[in-house]
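Asks: Build me a model:
(chains A, B, C and D)
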There are 2 protein chains.
Amino acid sequence: MKLLLVEDDRKIAAAVRRGLEAEGMHVEVSLDGDDGLWRATEGTYDLLILDIMLPGRNGFQICADLREAGDWTPILMLTAKDGDLDEAEALDSGADDYLTKPFSFPVLVARVHALLRRSAGRQTSPMSVGTLRIDPASRRVWRGEVEIALTAREFEVLHHLVRRPGQVLSKYDILAGVWDYDFDGDPNIVEVYVGRLRRKVDDPFGEQSIQTVRGAGYRIDAE
Amino acid sequence: MKLLLVEDDRKIAAAVRRGLEAEGMHVEVSLDGDDGLWRATEGTYDLLILDIMLPGRNGFQICADLREAGDWTPILMLTAKDGDLDEAEALDSGADDYLTKPFSFPVLVARVHALLRRSAGRQTSPMSVGTLRIDPASRRVWRGEVEIALTAREFEVLHHLVRRPGQVLSKYDILAGVWDYDFDGDPNIVEVYVGRLRRKVDDPFGEQSIQTVRGAGYRIDAE
DNA sequence: CCCTCCGCTGACCATCCGCTGAACGTCAGC
DNA sequence: GCTGACGTTCAGCGGATGGTCAGCGGAGGG
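Replies: Next comes the predicted model:
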């Protein structure tokens, strides 16, 4: 998960960054509005956090410009406590959510998580492949009527595969999608997890649910 | 008391908000339908006020979607004066009450109060999970026939979990939902409360009522 | 048919996460 | 002023989990 934080107050920027990185996200910081807009345009981020009062372009403008350019990356705005209209204007200019300063850290994290979840698609609804059923909201998995206990990682890997049924995903795709951006261990870890998953979720009488595509990756076939 | 107002006319939104906040309520505003639905889904409100004509999803749809998802937060709809059918349709889509524009302020406040009062009583019966019964109005909790004494915080945490049965809530979600927005202590506090709740609330012969989902959060399963 | 590469697996270990008991500060009621 | 209830912090424990590694086996190419 890669975020861009545009905030000119270095103290706040450092704090937010440290905190979100502790949550396993990659945070890039921009200290003024024009630079922020440029980065947002050039790069690809999962979420933008914009302060409103900024040197150069202000937060509303950045937001409006991006939206106009057809960029719908989720945006969280940081508004001042006394600016009554800020909140409305924030939403109006195309932000997805706002947070009034001063904010507490858990709240920020919760909002960020909520936005990321939302943008990941409202795939809150359970999905199923054959007799395998997955409910992301409750993080539960069943084969037929039998519930299967998965660890967090195992669930993530399975979820990642099931979300793209019929598509071959390379080990690197899976690594990038499930592991932290800065993970630089052995891609073998994906093999390990696929193995663990097969042992847990495979229908003992049916064929393997996760197909190996030698030299390319893995695939889950839609039934 | 936390309300969500979904209304695209910023003048009306600002007025309603100001008025209800003067009544001591916390009002969040959303300016379009899709955003409104999302907030209503993600957050927890005591009451929703929905305009019908909205950019994105309209009020009926939001209402219907929420009801379908099992969300029974009271809903007050704002209908246009000339839409004869609106009122019927509002109630039909699951709203609890409606108000035709233009409305006077005291009327709005009266309706809001009435709904809040009513909902405080109404939610008594639906709030049960297995043999655990919760009455938000009187803030009492029973396991079977035995009443359980909970402290204020304990009750809030339990209530928060029970309101979203089957959904995994992260420690941060719970922090944001139960503690003051400016709380920035150790999220470990959530673990502490879950522990206390388990000791008080768990059926000594059944399985734990609050499930730990390692690496993700906590969940109460609908029976 | 043989060799090489790729994927699979079981064993092992370090780390993280969640749980708990204890202690402290604060506040309300007596 | 004392007492008890409540909310919060903190440190230690123990088990679950994630990651590494080496050896094995089969597929595929020459």
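Asks: what pLDDT does whatever residue of chain A ends up closest to DNA strand D get?
Replies: Residue nearest to DNA strand D within chain A (CB to the nearest atom of the strand): A:G185, separated by 2.5 Å. (C-beta placed from N, C-alpha, C; glycine too.) The per-residue pLDDT reported for A:G185 equals 85.
Asks: Let me know the next secondary structure element after the helix-or-strand element of chain A with minimal mean pLDDT.
Replies: Of all helical and strand segments in chain A, the minimum by mean pLDDT, DSSP states H and E falls on helix A:84-92, at a mean of 67. For helix A:84-92, the following helix or strand on the C-terminal side (DSSP states H and E) is strand A:97-100.
Asks: chain center to that next one: distance?
Replies: 19 Å (CA atoms, centre = their mean, to the nearest Å).
Asks: Show me what that strand is packed against.
Replies: Other helices and strands packing on strand A:97-100, by 3 or more CB pairs under 8 Å, 6 or more residues apart in numbering or on different chains; DSSP states H and E, are strand A:75-79, helix A:84-92, helix A:105-119.
Asks: Now the host helix or strand of A:R199: buried residues?
Replies: Secondary-structure assignment from DSSP H and E places A:R199 in helix A:188-201. Neighbour counts over helix A:188-201 (16 or more other CB atoms under 10 Å in any protein chain shown) mark A:I189, A:V190, A:Y193, A:V194, A:L197, A:V201 as buried.
Asks: Stretch A:169-179 now?
Replies: For stretch A:169-179, a neighbour-count test (16+ other CB under 10 Å) marks A:L169, A:K171, A:D173, A:I174, A:L175, A:V178, A:W179 as buried.
Asks: Please list which of those residues also come close to DNA strand C.
Replies: Among those, the ones lying near DNA strand C by CB under 7 Å from any atom of the strand are A:K171.
Asks: Which one of the buried residues of stretch A:169-179 is nearest to chain B?
Replies: The nearest member of the buried residues of stretch A:169-179 to chain B, counting by CB to the nearest CB, is A:V178 at 12.3 Å.
Asks: Let me see the contact set for that closest one.
Replies: A:R153, A:E156, A:V157, A:H160 (CB atoms under 8 Å, 6 or more residues apart in numbering or on different chains).
Asks: so can I have CSV of these showing secondary structure, pLDDT and distance to B:L66?
Replies: Shown next, in CSV, are these (DSSP: H, G, I helix; E, B strand; the rest coil; pLDDT from 0 to 100; distance: CB to CB, whole Å):
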residue, secondary structure, pLDDT, distance to B:L66
A:R153, helix, 95, 33
A:E156, helix, 93, 29
A:V157, helix, 94, 32
A:H160, helix, 89, 29
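Asks: okay if I get the residues you listed as a markdown table plus distance to A:D35?
Replies: Listed next are the contacts of A:V178 as a markdown table, based on distance: CB to CB, whole Å:
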| residue | distance to A:D35 |
| --- | --- |
| A:R153 | 36 |
| A:E156 | 34 |
| A:V157 | 37 |
| A:H160 | 33 |
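Asks: right, and the pair among those with maximum separation?
Replies: Farthest-apart pair in those is A:R153 and A:H160; separation 10.6 Å (CB to CB).
Asks: on that earlier part again, from the contacts of A:V178, which single one is nearest A:G94?
Replies: Among the contacts of A:V178, and counting by CB to CB, the member closest to A:G94 is A:H160, at 29.3 Å.
Asks: Looks like that closest one contacts A:L175 (just checking).
Replies: No: counting by CB atoms under 8 Å, A:H160 stays clear of A:L175, with 10.1 Å between them.
Asks: Check the gap between whichever residue of chain A sits closest to DNA strand C and B:S209 for me.
Replies: Here chain A gets closest to DNA strand C at one residue, A:G195, 3.1 Å apart by CB to the nearest atom of the strand. Noted for A:G195: a distance of 34 Å to B:S209, by CB to CB, to the nearest Å.
Asks: repeat for A:M53
Replies: On the measure of CB to CB, A:M53 and B:S209 end up 47 Å apart.
Asks: Quick one, grab the pLDDT at the residue of chain A closest to DNA strand C.
Replies: 96.
Asks: cool, and A:T124?
Replies: 57.
Asks: who's in contact with A:A69?
Replies: A:A69 touches A:T41, counting by CB under 8 Å, 6+ apart.
Asks: what pLDDT, on average, does stretch A:16-27 get?
Replies: 73.
Asks: Quick one: end-to-end length of that stretch, please.
Replies: 9 Å (CA to CA, to the nearest Å).
Asks: give the contact list for A:R39.
Replies: A:L4, A:E28, A:S30.
Asks: now with 10 Å?
Replies: Neighbour list for A:R39: A:L4, A:V6, A:E28, A:V29, A:S30, A:Y45, A:L48 [criterion: CB atoms under 10 Å, 6 or more residues apart in numbering or on different chains].
Asks: Doesn't the fourth one belong to a helix?
Replies: No: counting by DSSP: H, G, I helix; E, B strand; the rest coil, A:V29 is not part of a helix but strand.
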